[in-house]
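S.K.: could you work out the structure for the sequence below:
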Amino acid sequence: MAAIPPTKNYELLIDEFIRYAQQHLTTVSGIVNTVSTYPPANTPGPGIANWQGYNVEPPNPSTTTVSTEEIEMTDAQLLASEEATLEGADINEATAVAFDEEVVVEPATPEETENVTAQLEEIEKQLEQEAGNTPDPPLTDEEKPKNDIPKEPNYKSKLKVPNELVLAMRKYSVGRTPLERAHFLAQTNHESGNFIYKEEIASGKAYEGRKDLGNTQPGDGPRYKGRGYIQLTGRANYRKFGPVAGADFESNPTIVGTKYFADTACLFWKANKLGAKCVDSSTTTIKVVTKRINGGYNGLDDRIKKFTLYWTDLQKDNTLWA
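M.R.: Model (predicted):
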């Protein structure tokens, strides 16, 4: 079973046990050794009683994941998203731009496709160049990522990872490699204040009238304020992500902060194909991923420190949080 941090939410413990039991324990049974100190006449003293608790069908593996094709961006959409990132847009703003009807049309000819691919490669080079030219924050050697951590048999990590996030990562196939897992967990940990905040503290009035986020009706700012481990913001993004998660975020936005706070982080990651950015453990790559999420490099020192912690543990045991 996955390690679950100390919690008073007993439902997490029960859910994780049920998931594990369904995958690995199709039956629970055993034997009880019995003995009677004063057996009645013609009754043997020692004995064995067989028992069996339950019998369940293992889950169909295909039902443990969901299709994210609806939100995975085309190259044309990625180009629009990354262009917005270069201009300082955060992941909500860049995602909303990418899914705008005016930019989602696929190029009709091979020449246009080739042109979009070339533009996308150029934008990615610019993002990498900007990240490389951005100075690293002052960090100790212990706080910087290393790649020579030896494996440790039966290693138990003490790092905090909410069970809901691990389950969402499995559901949306996020973190297929240990390296991607380290980047994803570091970013979500930072964005949520050590997995504490599932909803933006501010009222959301600052987003009122933000047509670029789809906030076109009075009250949309507070109604669709940031929620989730990577904060989902704006009516357009709530409308887009809800159906993929299997809920109506647009009509019932508060459930993002109470039930789907881990799902939305994974959906942002999948939509923008951020897993492809996780090519190594360098601070340059951490800065590229940070820029795509934050629109800048706010909290870079903390993001690097958190990445170092997760990457260190994942080298010791590359199956953690898989």
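S.K.: first to last residue in stretch 127-141, what's the distance?
M.R.: 26 Å (CA to CA, to the nearest Å).
S.K.: list the buried residues for that stretch?
M.R.: Residues of stretch 127-141 classed as buried: 127, 128, 130, 131, 134 (neighbour count, 16 or more other CB atoms under 10 Å). For the C-beta atoms, the positions are set from N, CA and C on the backbone; glycine is no exception.
S.K.: so which of those belong to helices?
M.R.: Mapping those onto helices (DSSP state H) picks out 127, 128, 130, 131.
S.K.: how about those in JSON lines, adding distance to residue 261?
M.R.: JSON lines is the format used below for these (distance: CB to CB, whole Å):
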{"residue": "127", "distance to residue 261": "28"}
{"residue": "128", "distance to residue 261": "31"}
{"residue": "130", "distance to residue 261": "30"}
{"residue": "131", "distance to residue 261": "28"}
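S.K.: show me the contacts for residue 215.
M.R.: Applying CB atoms under 8 Å, 6 or more residues apart in numbering, we find residue 215 in contact with 207, 208, 209, 221, 224, 234, 235.
S.K.: hmm, back to that, with distance to residue 92 and pLDDT added, can I get the ones in helices among the buried residues of stretch 127-141 in CSV?
M.R.: Formatted as CSV, those follow (distance: CB to CB, whole Å; pLDDT from 0 to 100):
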residue, distance to residue 92, pLDDT
127, 18, 95
128, 23, 95
130, 20, 97
131, 20, 96
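S.K.: my guess is residue 258 meets residue 198, correct?
M.R.: Yes: counting by CB atoms under 8 Å, residue 198 is a contact partner of residue 258 at 7.4 Å.
S.K.: could you pull out the strands in this protein for me?
M.R.: Taking DSSP state E as the test, the strands found in the chain are 27-34, 47-55.
S.K.: before we move on, the earlier item: of residue 258 and residue 198, which one has the most company?
M.R.: The neighbour comparison of residue 258 against residue 198 (other CB atoms under 10 Å) goes to residue 198, with 22 against 11.
S.K.: tell me how many other residues surround residue 145.
M.R.: If you count neighbours by other CB under 10 Å, residue 145 ends up with 23.
S.K.: who's in contact with the residue lying closest to it once chain neighbours are set aside?
M.R.: Distance criterion CB to CB, 6 or more residues apart in numbering; nearest residue to residue 145, sequence neighbours excluded, is residue 281 at 4.3 Å. For residue 281, the contacting residues are 145, 146, 147, 179, 182, 307, 311, by CB under 8 Å, 6+ apart.
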